[in-house]
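Engineer: Coordinates for the following, if possible.
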Amino acid sequence: MRYFLIFTFLFLQLNALDIDKLEDYIIKEQYAKVCNNNIYNIAMKNQDDGLLNLYAIACLRSDFINKLAPVIITMRKSKEARDNAIYYSTILYKKKLLYSAIVDGVDISAIKLPKCDYVLSDIYDDYVSGNYEKKGDNYYFKKDGKYKYLVNTKYDLPYVKLIVNVLGDNLNIIEKKEYW
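Structural biologist: Residues are numbered from 1 along each chain as shown. Now for the predicted structure:
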């Protein structure tokens, strides 16, 4: 019995959620440390929409947007949670449609979706409006008259990845994002 109590105590301590650490990760923009299965599992176990939303925002900012799918399904208890689920759904849907258009040649020009403040949303909106330049396999998107994004694909079997390069003023790549 004594060992069981010690084991239980240690297990609870190891799985305890340290809110100060979460806040520190967010402040330091270490979003990938918040977008992990432990945080998701704790949020689900406690049915904590606030923590689930924090997890979703961290996943979004660390470009792990595929992890939004279970969050979208779960967030339904309040109007705010449902609104957030719509926002995450829109981003995930735009990613899937843009991927299908560029990788598979699917015509998505008739599908208009709400605007979101996320890089894929900007690219999607410009793509369906025809506001891009295609040079070979590369798609160039402008913002404020300057090239802002270079989108292409990369074959990384078993997947074809959608590559989004964020461009600097002299067209150098300042950030690279990969989606599949």
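Engineer: Tell me where the chain has strands.
Structural biologist: Assigned strands in the chain, in chain order: 133-135, 138-143, 146-156, 159-167, 173-179 (criterion: DSSP state E).
Engineer: Between strand 173-179 and the longest helix along the chain, find me the angle.
Structural biologist: If you go by DSSP state H, the chain has its longest helix at helix 79-104. Here helix 79-104 runs at an angle of 100 degrees relative to strand 173-179 (axes from the mean of the first three to the mean of the last three CA atoms, to 10 degrees).
Engineer: who are the neighbours of helix 79-104, in terms of helices and strands?
Structural biologist: In terms of contacts (3 or more CB pairs under 8 Å, 6 or more residues apart in numbering; DSSP states H and E), helix 79-104 is packed against helix 49-61, helix 68-74, helix 119-129, strand 146-156, strand 159-167. Where you see a C-beta, it was placed from the backbone N, CA and C, and this is true even at glycine.
Engineer: Reformat those as a markdown table; add mean neighbour count, mean pLDDT and distance to L22.
Structural biologist: Below are the helices and strands packed on helix 79-104 laid out as a markdown table (neighbours: other CB atoms under 10 Å; pLDDT from 0 to 100; distance: least, CB to CB, whole Å):
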| stretch | mean neighbour count | mean pLDDT | distance to L22 |
| --- | --- | --- | --- |
| helix 49-61 | 21 | 92 | 7 |
| helix 68-74 | 17 | 94 | 16 |
| helix 119-129 | 19 | 95 | 24 |
| strand 146-156 | 15 | 94 | 31 |
| strand 159-167 | 17 | 95 | 27 |
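Engineer: Looking at the ones you listed, which is nearest to Y139?
Structural biologist: strand 146-156 (4.3 Å; CB to CB).
Engineer: distance between the closest one and the chain's centre?
Structural biologist: Here the centre of strand 146-156 is set off from its chain's centre by 17 Å, with CA atoms, centre = their mean, to the nearest Å.
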